[in-house]
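**Q** Please work out how this folds:
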Amino acid sequence: MLESVFGTSKPSTTATAAEMEAARLPLGWRDNCAGLLIPLNRCRNENFYMPFRCVDERHSYEKCQYDDFKRRVKEFEKQQQEQA
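**A** Alright, predicted model coming up:
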């Protein structure tokens, strides 16, 4: 069912643990979307956190976060139905 909604049943990050460590991502941010957060943070640092820069990177990262949230909600609802 998740495949039809999101295209994949298990999301995967494109960033390795070494890349996340090199980018100095806090442990709380090392999730399925960390591969998009690394270039977003790099863009932010290069452009002095200007709000009108890095819009595409930010949108991609926020969409990934939203899709991940929706996937987790679906999994939770499925678990609740199985327990009932």
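**Q** max-length helix in the protein?
**A** helix 55-83 (DSSP state H).
**Q** Counting by contacts, list what that helix packs against.
**A** helix 2-6, helix 34-46 (3 or more Cβ pairs under 8 Å, 6 or more residues apart in numbering; DSSP states H and E). From N, CA and C alone the C-beta is placed, and that goes for glycine too.
**Q** Quick one: low-confidence residue ranges for this protein.
**A** For the chain, the stretches with pLDDT under 70 are 1-13.
**Q** what about residue 24, how many neighbours?
**A** Other residues lying near residue 24 total 8 when counted by other Cβ atoms under 10 Å.
**Q** Kindly reformat the helices and strands packed on helix 55-83 as JSON lines containing mean neighbour count.
**A** Formatted as JSON lines, these follow (neighbours: other Cβ atoms under 10 Å):
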{"stretch": "helix 2-6", "mean neighbour count": "12"}
{"stretch": "helix 34-46", "mean neighbour count": "17"}
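**Q** right, so of those helices, which gets closest to residue 20?
**A** Closest to residue 20 of the helices and strands packed on helix 55-83, according to Cβ to Cβ: helix 34-46, at 5.4 Å.
**Q** packing partners for that closest one?
**A** Using 3+ Cβ pairs under 8 Å, 6+ apart, helix 34-46 sits against helix 17-22, helix 55-83.
**Q** quick one: which of the ones you listed is nearest residue 32?
**A** Nearest of those (Cβ to Cβ): helix 55-83, 5.3 Å.
**Q** ok, now which ones touch the spatially most central residue of the chain?
**A** In the chain, the residue lying closest to the centroid (Cα atoms, centre = their mean) is residue 33, at 2.2 Å. Contacts here follow Cβ atoms under 8 Å, 6 or more residues apart in numbering; on that basis residue 33 touches 13, 61, 64-65, 68.
**Q** follow-up on the earlier one: could you redo the helices and strands packed on helix 55-83 as JSON lines and give each row distance to residue 53?
**A** Formatted as JSON lines, the helices and strands packed on helix 55-83 follow (distance: least, Cβ to Cβ, whole Å):
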{"stretch": "helix 2-6", "distance to residue 53": "29"}
{"stretch": "helix 34-46", "distance to residue 53": "7"}
